[in-house]
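A.B. asks: sequence plus the predicted model coming up.
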Amino acid sequence: SFKSTKISHLTKLRHHHLHQQVAMVEAFPFPVEKDELCWKLVQESAVKEPGLEQVLAEVEKEQNTKERLLDYIWGAATQVRGELVAKARLVVPTLYGLQGESLKGNALFDVLKWLIQQGM
């Protein structure tokens, strides 16, 4: 938890926003871009929400709080990626008829590689 309810509010808004970003725009942002991406989302929300610009200034002054905020927001990316991978593992084999004993190991790998190369 954060010192201020406004910081918590800002954090939860951006956590939700990153869920949307990962699901709709960029599913696998690079971890090295974590701080930059999350901070950009925080800044965007501070402009859109009344009263959050002051909270943003407060967070900028406290490096520990800023790092915790960015780590929490980044957790949304990990969560959504995990959900996307799990759903893909359920749907893709059935969708492309890749079920059964004949498609395991290298054979499955070769078929999946071909599908990716075909842009399917």
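C.D. replies: Noted; the coordinates are in hand.
A.B. asks: so how far is Ala86 from Thr5?
C.D. replies: Note on Thr5: its distance to Ala86, by Cβ to Cβ, to the nearest Å, is 33 Å. No exception for glycine: its C-beta is placed from N, CA and C like everyone else's.
A.B. asks: can you check Glu36 too?
C.D. replies: Note on Glu36: its distance to Ala86, by Cβ to Cβ, is 28 Å.
A.B. asks: swap in Ser45?
C.D. replies: Between Ser45 and Ala86 the distance is 28 Å, computed by Cβ to Cβ.
A.B. asks: can you give me the helices for this structure?
C.D. replies: Using DSSP state H, the helices of the chain run over residues 5-24, 34-48, 52-61, 63-95, 106-118.
A.B. asks: could I get those as JSON lines with mean neighbour count and mean pLDDT?
C.D. replies: Converted to JSON lines, the helices of the chain look like this (neighbours: other Cβ atoms under 10 Å; pLDDT from 0 to 100):
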{"stretch": "helix 5-24", "mean neighbour count": "18", "mean pLDDT": "80"}
{"stretch": "helix 34-48", "mean neighbour count": "17", "mean pLDDT": "85"}
{"stretch": "helix 52-61", "mean neighbour count": "16", "mean pLDDT": "86"}
{"stretch": "helix 63-95", "mean neighbour count": "14", "mean pLDDT": "84"}
{"stretch": "helix 106-118", "mean neighbour count": "11", "mean pLDDT": "81"}
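A.B. asks: now Gln63: how far from Arg81?
C.D. replies: Distance, Gln63 to Arg81, by Cβ to Cβ: 27 Å.
A.B. asks: repeat that for Glu49.
C.D. replies: 26 Å.
A.B. asks: Leu52: what's it in contact with?
C.D. replies: Counting by Cβ atoms under 8 Å, 6 or more residues apart in numbering, Leu52 touches 6, 9-10, 45-46.
A.B. asks: which one among those residues gets closest to Ala57?
C.D. replies: Nearest to Ala57 among the contacts of Leu52, counting by Cβ to Cβ, is Ala46 at 8.7 Å.
A.B. asks: so for the chain, the centremost residue is which one?
C.D. replies: Ala77 (1.8 Å; Cα atoms, centre = their mean).
A.B. asks: make sure that one is actually in contact with Glu26.
C.D. replies: No - here Ala77 lies out of contact with Glu26, judged by Cβ atoms under 8 Å, at a distance of 9.1 Å.
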